[in-house]
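Engineer: using only what follows, build the 3D model:
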Amino acid sequence: MQCSLRLPHLLPLGAIVAAACLLALSGCGGTSGPAGQDVALVLEGAPTAADAGIALAVDRDYASGNGLVLTVRSAGPTGPSSALRQVIDGRAGFAVLDVAQLATPAARRRDLVAVAAVVQLPYARPVPPRPAARAFAAPARGLLYPQLVVVAPRDALQDAQPVAEALVETLRRGYEETIADPASAVAAMVRQNPALRTPELTAQLAAVSPAFTTGVDAWGDFSRADVTAWARAQRPPLDPTLAFWFGGGTSID
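Structural biologist: Model (predicted):
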């Protein structure tokens, strides 16, 4: 899809970034609903078992049924090409990030919103040295919260909420099918990332899979109690009603 946006001269930088994010979120269509609109989702680092539902959604092109043309790419964990930086400056409409990123000064300035939980549990401790082998578990003490979330800038979402809803529905179907048929999800990941090994990935997905829906009715949902406690524990505290979008027809405002 080719599209362009005419911007008046001397437009403030914040408005330019918001316009770029809107294009990344919704293509050139209106706000009545997605219709073949391009959406970019960037992952933080190389794909892991936690991303299996995303891989299966891409493999089976669930996005097209929701009016989207979904592109997924990986980014470095830090630096100018990081997933956080790409969603802040509008090179991607959405990113999968560690929830801790929401509390960083850069995310606060850009007013990022978590629109879906990828996993419902924090990383198990201690964290294994290889990120792909990370597991998730309820801590014996401390907060329970979703470690990985899908985020986007609030101002862009306000103008393209149907696109966010369509993306969440696309990914939800991918994760539901991953839970029901993990072998297909593993096969999809290996096709998209030939360096991955099927036996190792199968074991990792079996370990991660319970965290996809722990404590919630459906993949992507947020537990209000959990994310409220997490948000209030940040310094300075975050407003959970602004940092997290609870879906279910609620507006992003």
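
Engineer: which parts of this protein are strands?
Structural biologist: Listed in chain order, the strands of the chain (DSSP state E) span 37-44, 68-75, 94-98, 112-117, 148-153.

Engineer: ok, which of the ones you listed comes nearest residue 214?
Structural biologist: Taking C-beta to C-beta, strand 112-117 is the member of the strands of the chain nearest to residue 214, at 9.8 Å. Just so you know, the C-beta spots here come from the backbone N, C-alpha and C atoms, and that holds for glycine as well.

Engineer: tell me the centre residue of the chain?
Structural biologist: A centroid search over the chain (C-alpha atoms, centre = their mean) returns residue 150, at 1.9 Å, as the residue closest to the centre.

Engineer: before we move on, the earlier item: of the strands of the chain, which approaches residue 164 most closely?
Structural biologist: Residue 164 lies closest to strand 112-117 among the strands of the chain, at 5.2 Å (C-beta to C-beta).

Engineer: and the angle for that closest one with strand 148-153?
Structural biologist: 140 degrees (axes from the mean of the first three to the mean of the last three C-alpha atoms, to 10 degrees).

Engineer: now strand 112-117 - C-alpha only, PDB.
Structural biologist: C-alpha atoms of strand 112-117 as PDB (Å, rounded to 0.1, in the frame of the first residue of the first chain):
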ATOM      1  CA  LEU A 112       2.400   4.800  25.200                       C
ATOM      2  CA  VAL A 113      -0.600   2.600  26.000                       C
ATOM      3  CA  ALA A 114      -0.600  -1.200  26.500                       C
ATOM      4  CA  VAL A 115      -3.400  -2.600  24.300                       C
ATOM      5  CA  ALA A 116      -2.900  -6.400  25.000                       C
ATOM      6  CA  ALA A 117      -1.000  -8.700  27.300                       C
END
